[in-house]
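J.: Have a look at this prediction, sequence included:
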Amino acid sequence: MAGSSKPDWTDLHARFQATLRSRPHLLPPHASLLVAVSGGQDSLCLLKLLLDLQPKWGWQLGVAHCDHQMRSDSAANAQQVSDLAGHWSIQFYQKTANRPLQGESAARSWRYSALIALAEIHGFSRVVTGHTKSDRAETLLHNLIRGSGLDGLAALSWQRPLTETVQLVRPMLEIGRSQTAQFCQQFQLPIWEDPTNQDTRYTRNQIRLHLIPALETINPQVQTHLATTAELLQADVEYLESLASHLYTQVTQPDLPKLNRKLLTDAPLSLQRRVIRQFLLRWLPHAPNFAQVEKVTQLIDAPNRSQTDPFPGGSLAHVQHPWIELKL
Ligand SMILES: Nc1ncnc2c1ncn2[C@@H]1O[C@H](COP(=O)(O)OP(=O)(O)OP(=O)(O)O)[C@@H](O)[C@H]1O
């Protein structure tokens, strides 16, 4: 409307606000938000949405960019994000890896520790990422293919603690990638195209470029359905984990690497596995895999003095009835 200062909200602004209102713990008014911006379409869309809504919600905003030093254009990419933050008068923070990181997984774990460090140093209570409904659908499929079980299918939660004081928040899980692309085009946002996104040597890219389009020929709504499935499973996983945590406290003794199998024997297999997993996570130096959890679960009904093969690092579990003990 000419002469009016009222913002001209698009559908996406309205939709994003509807999400925030229905999930009031995500980004409450006046929260301090460190927005993780890669320079790609999703995080640029996120940043613009937050900037436009900032006067109304009173957030304190900062932008964080992590340069993994993995691509020849990474410094230019970082510079473009820095320029945009400057243009919008938002405080910009950057972390640069000391040397090029090897592989996606190393890059991700370095990035999260960099984001945590920035949030803690500069007093932000939330790190906000641009994960979308499309990422959620792809993560579910990726984990399904890897065989990671129910917990992996409950892909990408809305919020999870990174430390005692910093939360990771993903407020765009109801927005699809085609919508963020359209939004960036509408507002002429300078998207940095990551050339590795087209590289089909990465499973993730194969899923995005080949598998999802193939599934969409069967059902055009597949991304939404997969994301909804992840959402439903999330609640189921939370419920099962809370039951397992309660049982865990009943069958273990604080600070002793043993659990009472007599108290586990009548529990449903699903809870037995979860308790054993929590137990191994507590005591082993590395997260246990499915086979290792299964081996210990089988000890619940095994003859006295049965034992597992050694785990990496040399420890093993054995039965000293009524206990399953870890020899560390
Ligand atoms: N280099 C970066 N600097 C800052 N934030 C980033 C960077 N790369 C990714 N992010 C943040 O993470 C979000 C997800 O990015 P992407 O899907 O590429 O990562 P991913 O490795 O699959 O992440 P995750 O393991 O968290 O799913 C982006 O929308 C952005 O908010």
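T.: Sure thing, it's come through. Residues are numbered from 1 along each chain as shown.

J.: residues contacting His122?
T.: 34, 62, 91, 93 (Cβ atoms under 8 Å, 6 or more residues apart in numbering). Any C-beta I mention is one placed from the backbone N, CA and C, and that applies to glycine too.

J.: got JSON lines for the residues you listed, with neighbour count, distance to the ligand and pLDDT too?
T.: Formatted as JSON lines, these follow (neighbours: other Cβ atoms under 10 Å; distance: Cβ to the nearest ligand atom, whole Å; pLDDT from 0 to 100):
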{"residue": "Leu34", "neighbour count": "27", "distance to the ligand": "10", "pLDDT": "98"}
{"residue": "Gly62", "neighbour count": "21", "distance to the ligand": "12", "pLDDT": "98"}
{"residue": "Gln91", "neighbour count": "13", "distance to the ligand": "15", "pLDDT": "98"}
{"residue": "Tyr93", "neighbour count": "20", "distance to the ligand": "10", "pLDDT": "98"}
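
J.: Among those, which are located in strands?
T.: Per DSSP state E, strands hold the following members of those: 34, 62, 91, 93.

J.: Please tell me I have it right and the second one contacts Val35.
T.: Yes - the criterion here is Cβ atoms under 8 Å, and Gly62 meets it with Val35 at 6.9 Å.

J.: How far does the helix or strand hosting Thr297 sit from its chain's centre?
T.: According to DSSP states H and E, Thr297 maps onto helix 290-298. Helix 290-298 has its C-alpha centroid displaced from the chain centroid by 26 Å (Cα atoms, centre = their mean, to the nearest Å).

J.: about what we covered before: okay, and the common contacts of Gly62 and Val35?
T.: By Cβ under 8 Å, 6+ apart, no residue touches both Gly62 and Val35.

J.: Within the helices and strands, which one has the residue nearest in space to the middle of the chain?
T.: Nearest to the mean C-alpha position of the chain, counting by Cα atoms, centre = their mean, stands Leu156 at 4.6 Å. For Leu156, there is no enclosing helix or strand under DSSP H and E.

J.: ditto for the one 4 residues further on
T.: Secondary structure here is read from DSSP H and E; on that basis Arg160 sits in strand 159-161.

J.: Please name every helix or strand in contact with that strand.
T.: Judged by 3 or more Cβ pairs under 8 Å, 6 or more residues apart in numbering; DSSP states H and E, strand 159-161 is in contact with strand 167-169.

J.: before we move on, back to that, closest to Ala75 among the ones in strands among the contacts of His122?
T.: Tyr93 (15.9 Å; Cβ to Cβ).

J.: Quickly list what the closest one is bridged to.
T.: Ala64 (DSSP bridges).

J.: about what we covered before: how close does the residue nearest to the centre of the chain get to Pro213?
T.: 21 Å (Cβ to Cβ, to the nearest Å).

J.: next one: Gly147
T.: Distance from Gly147 to Pro213, by Cβ to Cβ: 23 Å.

J.: what do you get for Pro220?
T.: 10 Å.

J.: shaky segments in this structure?
T.: In the predicted model, the chain carries pLDDT under 70 at residues 1-8.

J.: What's the local residue count around the residue of it found nearest the ligand?
T.: Proximity of the chain to the ligand (Cβ to the nearest ligand atom) peaks at Gly130, 2.8 Å away. Neighbour count of Gly130, defined by other Cβ atoms under 10 Å: 24.
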